[in-house]
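J.: Sequence isn't available, so here's the structure alone:
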């Protein structure tokens, strides 16, 4: 199927992405998720063929990273630049925000000429998603009152609940790897906890994966050592998704058992929900001593599960001894980035390129979220772009 | 009046803004101030109607913030991006400037492909404005000697003396609020000191307000507790402006008395001129102990004036019990950002949206300062932009 | 000769710059160096005549500064913006790189939509150039495996070995100053160590200068106090270059002797090679005590050579008592930036403007390196740009 046809087929999707924030995949319909995937693939295809999908002559895309980031920062910048926007960082250390400004005010003050705000706020359980909603309400208020000429769209670049730009990029890479979304039906994907010599890793990736992959008829298995639970509400969402989509969802407590006959394995460390809650409280109290103690306890607890490493032995248990390995990167690689980690050196090296390809979809997923938020009829916009045939490299 | 007519009317203004820096409003003629206001309104109008007023295909706008900023940083970035420029931050911590470079050299080194330098330097009394002049002379020297292909324009983003992008945005919001500049004639505006639990706030806003609002026949009243003086020379400027413009200027020492029958009230904290001078000396000496003592003394002094809060009672004394409340934001709001502040929670909330609208003019004021600095005939440029009708959102 | 002819003449140069990184001038043929010089001059000429040489509609240029920079940072940003690219900083403090990511992975993660990576890594002897090669291999790997749609080009913004954007800008300024590359034949250029009250200055500038200026038949003299050697391999390169080009290369140990009859004098401090090696080891060990001791010893050693200042007396020894003074800036200027430095106040002031002009070529040199890396036929691209005549300032 050629690009023209791909674009035309978007008409078949019934979506209400227009002027809606993209915060949680489970708030979006199946058609809406498909729309974002298709638009992302089309944007990638356009650019690979040196066609510029610029849709803005000027305008700002604001990034607000409340936690460190390289990949997502570059993905966001790439996406915004691809569509014609300038990226302005809201660096809370440089700004007056540290001096007690309300979220409501700041959200408006930075948005007079902005089209999007990308937010990462994944550190505090119970806070990240709430913060994004708060920003959204502030923008609604500003738009309604004539303060803002347009209501900027919010893109969740990782919250305490979901990491939709990651999980959607992962899904797009699965779609491309297996040929279609339909081909994923009945495939077994294992989202497994894995050992890491650090603690306090966010829950948003595993939650994002089980919350999204359960939408497409896959057999989703979540594996973790007893005690390393995720947010219970999101487990319920995954269960329900599986029911609706005709797939299955189960929880196990052995990586070895879980990976048996798996088509896809996603081994990644996270901190238990109850630890993250404690940590959030301690952080909010500024309780340094408490945080140190918590870290010590947790690292000791983690150390009991060093065998939760995805290694050659475990790969052998998977479908055709060759399940697709996935990771949001950077992985904790045994003998590379640490003494004992989430994945053995050999296994990582074997699947390294697929993980890079996986990561490469993220800029286009973000761009697709932006484009579908901004334009009511993405098919018309993309058709015009294709026809216009503006070169990205001009000569 | 439609946009076309608005643009044509610019011909009536006699201005010499071309290739001049915008440092102090009191250096500009009435026509020049009107030109900036009109161009700002036109640029806003164009963008609101999805017409891109891009005038550069490439080029840099440099921001040099020697003090924290969110709003002005975003305003500057928005303005530069709107006109087609890329924003490059001169971050003195990242650069070699800390290692003893002369202002003269740096000004040239960053300007080879630059069109504007926006500078905030408001901390040291006697220094900020001087620094901007120094940069300007360095750029003149570079341009004259063939080092720079164009002489970049300087935009004062806040100095020790004036804050013209703020005061001009304030004036534009008054113009829009009351319908015209003419409508401001005879209106009473009160620039009042207000209590804040911090000390050391710059003088540039109150100075900027009295220095500008006295130009248009308004009755300007400056109110502050005995001792909280501004720079004397700027008081003289305001007095003289009032005389020339047919307005009035007076100083009082009671917020309650001042706000009586006011049409507009601008309650904002600042540090007394003599304190800022002392503080500047101590900062220059790196005298930490002295700074701590000064802060303690000043906060104790401030605390005597907690009743300088703009509250419901005071609003009732104003014209129709409904004077327009103004603030450059963020305000110190009692029970919101502090226990006792510049304004009560209810009053702020009542006038919150107008303050947001006020802030929203700043990007366009900056863009107008840039455009009038760069083009000898703004009317011709804006007419061409209107005719060309290049969309900002392309589809 | 007009611009059209200048562009056409590029056809005469046989080059293989296309899709090659620009890391060391001594890896490039004479025609390749000439191509970069010519393209840089043409780009400057185009922009000076208000023609925009934009060749990208979107895309990222990444800057990775592992050491402080103002000038080169602005030059890189200016170059990228001139060609139509957005600049994204890889700030290793902000990112997850500090947490143990491999160079290989990061290089790919930031490059999905990137066209260039500019790298400064000059601190550690034996590391900077190696790091750039490593990044290059990572990009090759990513491109070969379909991870990256294009192989981003690397521009060396200063390594432990060479500083080609500096030396090429210096060469271009010499070409313009003396009229042609041919005119440089037989000219005497002195690269001299000079006293500075700091220690640990990189070797890349003197190495870059002797490695490049020896290519064009000049008489190159390197002067330094006994012990202040450069990397021996690069001395060999300079010697060989001189032989091949019909010039000469010699080393002396007196600034006074060296500058006699010089046409050009480039007095600049650096740390001895063996000190830089020691310093690198200590830095890698995190040996603070050792670093302090090394600094003390070195400063004491330096202090023996305070007479290595380029002053009025030495200028009088040069050709026509008026050799061209060069410096990469900022210079340590006696009585300006320090008590005793590389150059006297009067001499610096006399040649200040030429050093500014010298610096002004750097953005264009970087842009030329990018353009020749990206396009196989720069002549065709530049001809089209000239014909298209897109204005930079649109009105």
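T.: Received the coordinates, thanks. Remember, it's a predicted structure, so these values are computed and weren't measured experimentally. Numbers count the residues shown, from 1 in each chain, chains lettered A, B, ... in the order given.
J.: Run the chain-centre distance for the least confident helix or strand in chain A by mean pLDDT.
T.: The helix or strand of chain A with the poorest confidence is helix A:273-285; it has a mean of 91 (mean pLDDT, DSSP states H and E). Relative to its chain's centre, helix A:273-285 lies at 23 Å (C-alpha atoms, centre = their mean, to the nearest Å).
J.: go on, stretch A:181-188?
T.: Relative to its chain's centre, stretch A:181-188 lies at 20 Å (C-alpha atoms, centre = their mean).
J.: pLDDT (mean, whole number) over that stretch?
T.: Throughout stretch A:181-188, pLDDT has a mean value of 98.
J.: Between its first and last residues, how far does it reach?
T.: Terminal residues of stretch A:181-188 are spaced 14 Å apart (C-alpha to C-alpha, to the nearest Å).
J.: Now that stretch: buried residues?
T.: A:181, A:184, A:187-188 (16 or more other C-beta atoms under 10 Å in any protein chain shown). The C-beta positions use only the backbone N, C-alpha and C, and glycine is treated the same way.
J.: Ramachandran angles for the residue of the stretch 101-250 of chain A found nearest chain C?
T.: Of all residues in the stretch 101-250 of chain A, residue A:198 sits closest to chain C, at 8.3 Å by C-beta to the nearest C-beta. Residue A:198 adopts backbone torsions of phi -120, psi 170, taken as degrees, to the nearest 10.
J.: Break chain A down into its domains, please.
T.: A:3-162+A:361-388, A:179-359 (automatic domain parsing).
J.: Could you list the buried residues of the least confident helix or strand of chain A?
T.: For helix A:273-285, burial by neighbour count (16+ other C-beta under 10 Å) applies to A:273, A:275-276, A:278-280, A:282-283.
J.: likewise stretch A:145-164?
T.: In stretch A:145-164, counting by 16+ other C-beta under 10 Å, buried: A:147-164.
J.: In chain A, which helix is the longest?
T.: helix A:30-48 (DSSP state H).
J.: That one: what's the following helix or strand?
T.: For helix A:30-48, the following helix or strand on the C-terminal side (DSSP states H and E) is strand A:60-65.
J.: Okay, helices next: where are they in the stretch 101-250 of chain A?
T.: Under the criterion DSSP state H, counting those that start in this stretch, helices of the stretch 101-250 of chain A are mapped to A:103-109, A:128-144, A:164-178, A:204-213, A:232-245.
J.: Can you work out which other helices and strands pack against the shortest one?
T.: If contacts are counted by 3 or more C-beta pairs under 8 Å, 6 or more residues apart in numbering or on different chains; DSSP states H and E, helix A:103-109 sits against helix A:128-144, helix B:352-360.
J.: Please identify the deepest-packed of the ones you listed.
T.: Of those, the one with the most neighbours on average (mean count of other C-beta atoms under 10 Å in any protein chain shown) is helix B:352-360, at a mean of 21.
J.: before we move on, back to that, angle of the helix or strand that comes right after the least confident helix or strand of chain A against helix A:273-285?
T.: From helix A:273-285 onward toward the C-terminus, using DSSP H and E, the following helix or strand is helix A:288-303. Interaxial angle, helix A:288-303 versus helix A:273-285 (axes from the mean of the first three to the mean of the last three C-alpha atoms, to 10 degrees): 160 degrees.
J.: For chain B, what is the nearest residue in the stretch 251-395 of chain A?
T.: For the stretch 251-395 of chain A, C-beta to the nearest C-beta, closest residue to chain B: residue A:381, 4.6 Å.
J.: Spit out the contact partners of that residue.
T.: The neighbourhood of residue A:381, defined by C-beta atoms under 8 Å, 6 or more residues apart in numbering or on different chains, consists of A:55, A:371, A:375, B:395.
J.: rerun that using 6 Å as the cut-off
T.: By C-beta atoms under 6 Å, 6 or more residues apart in numbering or on different chains, the contact set of residue A:381 is A:375, B:395.
J.: And what about it, helix, strand or coil?
T.: Recorded secondary structure, residue A:381: helix (DSSP: H, G, I helix; E, B strand; the rest coil).
J.: Tell me the pLDDT of the residue nearest in space to the middle of chain A.
T.: Centroid-nearest residue in chain A, with C-alpha atoms, centre = their mean: residue A:166, separated by 2.4 Å. Looking at residue A:166, its pLDDT stands at 98.
J.: go on, residue A:97?
T.: 44.
J.: What of residue A:271?
T.: pLDDT, read off for residue A:271, is 95.
J.: Do I have it right that it meets residue A:200?
T.: Yes - between residue A:271 and residue A:200 there is a contact under C-beta atoms under 6 Å: 5.0 Å.
J.: more crowded one of those two?
T.: residue A:271 (24 against 18; other C-beta atoms under 10 Å in any protein chain shown).
J.: so who does that one touch?
T.: Residue A:271 neighbours (C-beta under 6 Å, 6+ apart): A:199-201.
J.: Can you lay out these as TSV showing distance to residue C:31?
T.: Shown next, in TSV, are these (distance: C-beta to C-beta, whole Å):
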residue	distance to residue C:31
A:199	58
A:200	56
A:201	53
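J.: any idea which of the residues you listed is closest to residue C:391?
T.: residue A:201 (51.6 Å; C-beta to C-beta).
J.: What count of nearby residues applies to that closest one?
T.: With other C-beta under 10 Å as criterion, residue A:201 counts 18.
J.: which residues touch it?
T.: By C-beta under 6 Å, 6+ apart, the contact list for residue A:201 reads A:269-271.
J.: Among the residues you listed, which one sits closest to residue C:237?
T.: Residue C:237 lies nearest to residue A:269 out of the contacts of residue A:201, by C-beta to C-beta, at 48.9 Å.
J.: The closest one: neighbouring residues, count only.
T.: Count around residue A:269 with other C-beta under 10 Å applied: 25.
J.: That one falls within a helix, correct?
T.: No - the assignment for residue A:269, made by three-state DSSP, is coil rather than a helix.
J.: Against chain C, how distant is residue A:346?
T.: 15 Å (C-beta to the nearest C-beta, to the nearest Å).
J.: Quick check: that residue is in a helix.
T.: Yes - according to three-state DSSP, residue A:346 belongs to a helix.
J.: Spatially nearest residue to it, not counting backbone neighbours?
T.: residue A:312 (5.9 Å; C-beta to C-beta, 6 or more residues apart in numbering or on different chains).
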